[in-house]
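Participant: dropping the sequence and predicted coords here.
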Amino acid sequence: MTGPARTDGRAADGAGGAGLAAERVRWSVGGRLILDDVDVTAPPGALTGLVGPNGTGKSSLLRLVAGVERPDGGRVSLVARPGAPGEAGDSEDLLAMARRRRARTLAFVEQDAASELPVTVFDAVLLGRTPHRSVLAGPTEDDNALARAALERAGAGDLAAREVSTLSGGERQRVHMARALAQQPRVLLLDEPTNHLDVAAQLATMRLVGELAADGVTVLAALHDLSLAAATCDHVVVLAPEPAGRVVAAGPVEEVLVPEVIDPTYGVRTTVLRHPRTGRPVLTFDEV
Ligand SMILES: Nc1ncnc2c1ncn2[C@@H]1O[C@H](COP(=O)(O)OP(=O)(O)OP(=O)(O)O)[C@@H](O)[C@H]1O
């Protein structure tokens, strides 16, 4: 890292503002096609929600984008400047990026990520700084300050001295978020970031994610709660099943989280209400 350390969780590596583009991503496991030519774009400095019924491949897609799994086909790129029609633009193949550089670029908070290692919360969060320092060097004062700031920002400051393995699901979720913040990524992938969280913590997490996006971080988050997605996301991508995960709609909340898209995808009957204060859609559901 060059220059003074930021303690606000903003991207430190490179000049911010790069979007994410997954193009024609295909992935099979055990002979079964899970994702079928999936295109997902996450605009820079915005919160993109990835929604869809259970088993449509949301987690799989995030794992492919994060480089945890390799796709059978397709491309995942960091897009600094989209090309005009007929022009290449300025993008970089994320999957071909050296591991360490990718870890400075992208952070991934997995669903129910377990950690049975005997490690304190503070040290777990400090791991987020690893890609930013030279291989043999220990953490600097800046690293420690960033880890402390990340813990506070994730609402887990009082957990610093605890062993990770002793935490509740919600506490653990906050610590994983803090580690990702300490990583200062340009792209943040979140798999069900509100899982295990009480309602106040859900709101705080989504506010934090919104602030990161406003700071220029590109966020792609798998979400189950469609009203939470409607309340917080800038863009939404909907995956549908059968015969394999594929994108059925993508775009602004008002265009995508509508009965015409949700009902056939989930097999429910959706009613869209309006939040009395924010004017955002609030979705309620009935069985068909
Ligand atoms: N490693 C694996 N081996 C076998 N099947 C897998 C593997 N990973 C994912 N799958 C299958 O791929 C499909 C998509 O799973 P994935 O977890 O990506 O869906 P999801 O949309 O995130 O689901 P949920 O909403 O239930 O979390 C599921 O049918 C799952 O069983």
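Facilitator: Everything's here; your move. Residues are numbered from 1 along each chain as shown.

Participant: number of nearby residues for the closest residue to residue 63 other than its chain neighbours?
Facilitator: Of all residues not flanking residue 63 in the chain, residue 69 sits nearest, at 4.8 Å (C-beta to C-beta, 6 or more residues apart in numbering). Where you see a C-beta, it was placed from the backbone N, CA and C, and this is true even at glycine. If you count neighbours by other C-beta atoms under 10 Å, residue 69 ends up with 15.

Participant: next, residue 69: secondary structure please.
Facilitator: Recorded secondary structure, residue 69: coil (DSSP: H, G, I helix; E, B strand; the rest coil).

Participant: help me confirm that it comes into contact with residue 27.
Facilitator: Yes. Using C-beta atoms under 8 Å, residue 69 is in contact with residue 27, at 6.8 Å.

Participant: can you show me the helices along the stretch 101-250 of the chain?
Facilitator: Counting by DSSP state H, counting those that start in this stretch, the stretch 101-250 of the chain has helices at residues 121-126, 141-153, 169-182, 199-214, 226-232.

Participant: adding mean neighbour count, write those helices out as TSV.
Facilitator: Output for the helices of the stretch 101-250 of the chain, formatted as TSV (neighbours: other C-beta atoms under 10 Å):
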stretch	mean neighbour count
helix 121-126	23
helix 141-153	20
helix 169-182	24
helix 199-214	17
helix 226-232	22
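
Participant: got the ones you listed as JSON lines, with distance to the ligand and mean pLDDT columns?
Facilitator: Listed next are the helices of the stretch 101-250 of the chain as JSON lines, based on distance: least, C-beta to the nearest ligand atom, whole Å; pLDDT from 0 to 100:
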{"stretch": "helix 121-126", "distance to the ligand": "24", "mean pLDDT": "96"}
{"stretch": "helix 141-153", "distance to the ligand": "26", "mean pLDDT": "96"}
{"stretch": "helix 169-182", "distance to the ligand": "15", "mean pLDDT": "93"}
{"stretch": "helix 199-214", "distance to the ligand": "17", "mean pLDDT": "93"}
{"stretch": "helix 226-232", "distance to the ligand": "12", "mean pLDDT": "96"}
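
Participant: among those, which is nearest residue 254?
Facilitator: Residue 254 lies closest to helix 226-232 among those, at 8.7 Å (C-beta to C-beta).

Participant: center of the protein, which residue is that?
Facilitator: residue 189 (2.3 Å; C-alpha atoms, centre = their mean).

Participant: that one and residue 105 touch, don't they?
Facilitator: No. Taking C-beta under 8 Å as the definition, residue 189 is not a contact partner of residue 105, at 11.1 Å.

Participant: tell me where the stretch 151-288 of the chain is predicted with low confidence.
Facilitator: Within the stretch 151-288 of the chain, not a single segment meets pLDDT under 70.

Participant: how about the strands in it?
Facilitator: 187-191, 218-222, 235-240, 246-252, 268-274, 281-287 (DSSP state E, counting those that start in this stretch).
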